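# pasting the structure only:
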């Protein structure tokens, strides 16, 4: 199963992407598989407990910490940043009616600042005084705060200052106390002294036909944008813990560092991200959220720092995912990880469709109605609009014609040509369901949607045919 995953990263490595790569697949239960290729600049062989800089994957830790303070009543996401960072009061806003950025705007990359990756990657060690001077000197805006997405590291550096002011604690100490220690992330930390069992990878860049090692930057005010070091073991555990918030069988533990509700809140698309052509994508709280028609909701984040690349990606609904690290600048690791994730996702068993109990009741009642129509049963099942939208007589006749087209309905235990077709259910919400009723020469596709009243009734019904193509 994992050979296809390993092949993706081995091919990426063979293209000269980095001196070393390490990756791991996980599900809600934990790490499933680890692979590695190459050696570190110092000859070290990477493994699941080798620490790499995870760069902007750190932003999910920053967002979780802010939500923990919110949940404790120490701040509101709609607070203005000036409540916690007084120096920002001297920043001239782009228009006379522009709002002061709120914490929510900073979290969702919509505070109006321009994208700043190359510049911000070199600012980690900036001191608090230097940061205040930067603010008082003035900032550039490219949009009115709250109106547009632009990936901003400066915004997350500001959130780090907010966290310190609201808690009265060092940002790095608070993240360690709230999340690293309780979740057992012992190979994760803030500088090259992190006690990772597999050592610490050295960052490199390709220059003049060879790999050159790069010095580590020191922690500082910009650490909230990307300062963490972590391992495949630890980052998989972090991602699996975030994904577990969607496990329908899960429940909060009393000592959980952050509630399931707040973790789900992180993984919602709040601000549309333009210029990503594959799937509709938004930014949540420290995470990207894609809506893939085939795979459902996919949550991810990349990390890029001088000398390092990282990517983490998982299915919100199904809980499986991949993390990957490389010790090179601009290694395009996100491309390889996305391809590997798509292969992993394709090999997983389809997730069962979850709907309301009332939706299941309606499904069974409609299947019986299709097999043996009764106007009285239909009126008991349908909301009044159904008959107003199209008469029961016309609906009954249309269903009869559809049944004839598929050669009549097959008994449940009768093998039919339709069994060669995909018979999986589809749902876009708990009150919506698409399913198939098998016929002798095809199948009926049935789609319903329930009303919001209680108890709900069927407000839409569509029955179409799906015929077996002749050989």
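Here it is on my side, so go on. Computed from a predicted structure; not experimentally measured.
# now the helices: where do they sit in the stretch 351-471 of the chain?
For the stretch 351-471 of the chain, the helices defined by DSSP state H, counting those that start in this stretch cover 357-371, 375-381, 384-389, 392-405.
# list the buried ones in the shortest one?
Neighbour-count burial for helix 384-389 flags 386, 387 (criterion: 16 or more other C-beta atoms under 10 Å). Just so you know, the C-beta spots here come from the backbone N, C-alpha and C atoms, and that holds for glycine as well.
# one more: stretch 240-255?
For stretch 240-255, burial by neighbour count (16+ other C-beta under 10 Å) applies to 240, 241, 242, 243, 244, 245, 246.
# on that earlier part again, ok, which of the helices of the stretch 351-471 of the chain comes nearest residue 166?
Closest approach to residue 166 among those (C-beta to C-beta): helix 357-371, 42.5 Å.
# that closest one - what's its average pLDDT?
The average pLDDT within helix 357-371 is 95.
# can you list contacts of that helix?
With contact meaning C-beta atoms under 8 Å, 6 or more residues apart in numbering, helix 357-371 is reached by 377-378, 381, 399, 403, 409, 427, 430-433, 435, 437, 444, 446, 448, 450, 455-458, 461, 463.
# pull out the buried residues from these.
Judged by 16+ other C-beta under 10 Å, buried ones among the contacts of helix 357-371: 378, 381, 399, 403, 409, 427, 431-433, 435, 437, 444, 446, 448, 450, 456-458, 461, 463.
# where does residue 56 fall, helix, sheet strand or coil?
helix (DSSP: H, G, I helix; E, B strand; the rest coil).
# hmm, back to that, which ones among the buried residues of stretch 240-255 map onto helices?
Among the buried residues of stretch 240-255, DSSP state H puts 240, 241, 242, 243 in helices.
# pretty sure the second one sits against residue 185.
No: Residue 241 sits out of contact with residue 185 when judged by C-beta atoms under 8 Å, with a separation of 9.6 Å.
# what about residue 89, neighbour count?
By other C-beta atoms under 10 Å, the residues close to residue 89 number 13.
# so it versus residue 261, what's the distance?
33 Å (C-beta to C-beta, to the nearest Å).
# turn the helices of the stretch 351-471 of the chain into CSV, columns for distance to residue 98.
Below are the helices of the stretch 351-471 of the chain laid out as CSV (distance: least, C-beta to C-beta, whole Å):
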stretch, distance to residue 98
helix 357-371, 46
helix 375-381, 53
helix 384-389, 45
helix 392-405, 55
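# looking at those, spot the one closest to residue 63.
helix 357-371 (33.6 Å).
# low-confidence stretches in the stretch 301-450 of the chain?
349-351, 412-423 (pLDDT under 70).
# in strands, which of the contacts of helix 357-371 appear?
Taking DSSP state E, the ones among these that sit in strands are 432, 433, 435, 437, 444, 446, 448, 450, 458, 461, 463.
# residue 313: which of the buried residues of stretch 240-255 is nearest?
Nearest to residue 313 among the buried residues of stretch 240-255 is residue 243, at 10.4 Å by C-beta to C-beta.
# quick one, what contacts the closest one?
Shown in contact with residue 243 (C-beta under 8 Å, 6+ apart): 28, 299, 314, 315, 316, 319, 321.
# related to what we said a few turns ago, just put the buried residues of stretch 240-255 in TSV and tack on pLDDT.
Compiled in TSV, the buried residues of stretch 240-255 are given as follows (pLDDT from 0 to 100):
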residue	pLDDT
240	96
241	96
242	96
243	95
244	94
245	94
246	93
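# residue 154: which of those is nearest?
Nearest member of the buried residues of stretch 240-255 to residue 154, counting by C-beta to C-beta, is residue 242, at 24.5 Å.
# does the closest one touch residue 63 like I think?
No: counting by C-beta under 8 Å, residue 242 does not reach residue 63; the two are 10.2 Å apart.
# pull up the overlap in contacts between the two.
Common neighbours of residue 242 and residue 63 are listed as 266, 287 (criterion: C-beta under 8 Å, 6+ apart).
# and residue 38, how far from residue 13?
6 Å.
# which residues do the two both contact?
Common neighbours of residue 38 and residue 13 (C-beta under 8 Å, 6+ apart) are residue 21.
# flag every buried residue along stretch 5-20.
Those would be 5, 6, 8, 9, 10, 12, 13, 17, 18, 19, 20, for stretch 5-20 by 16+ other C-beta under 10 Å.
# part of a strand, is residue 119?
No: Residue 119: not assigned to a strand; according to three-state DSSP it is helix.
# for residue 59, see how far away it is.
From residue 119 over to residue 59 the distance is 17 Å, taken as C-beta to C-beta.
# quick one, which of the two is more surrounded?
residue 59 (27 against 11).
# name the nearest residue to that one, sequence neighbours excluded.
Of all residues not flanking residue 59 in the chain, residue 286 sits nearest, at 4.0 Å (C-beta to C-beta, 6 or more residues apart in numbering).
# and that neighbour, how many residues sit next to it?
Residues near residue 286, counting by other C-beta under 10 Å: 27.
# from residue 153, how far out is it?
Distance, residue 286 to residue 153, using C-beta to C-beta: 12 Å.
# what about the strands in the stretch 1-150 of the chain?
For the stretch 1-150 of the chain, the strands defined by DSSP state E, counting those that start in this stretch cover 20-27, 30-38, 52-53.
# any chance of these in a markdown table, with distance to residue 332 and mean pLDDT too?
Formatted as a markdown table, these follow (distance: least, C-beta to C-beta, whole Å; pLDDT from 0 to 100):
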| stretch | distance to residue 332 | mean pLDDT |
| --- | --- | --- |
| strand 20-27 | 11 | 97 |
| strand 30-38 | 15 | 96 |
| strand 52-53 | 16 | 97 |
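# most tightly surrounded among those strands?
strand 52-53 (a mean of 30; mean count of other C-beta atoms under 10 Å).
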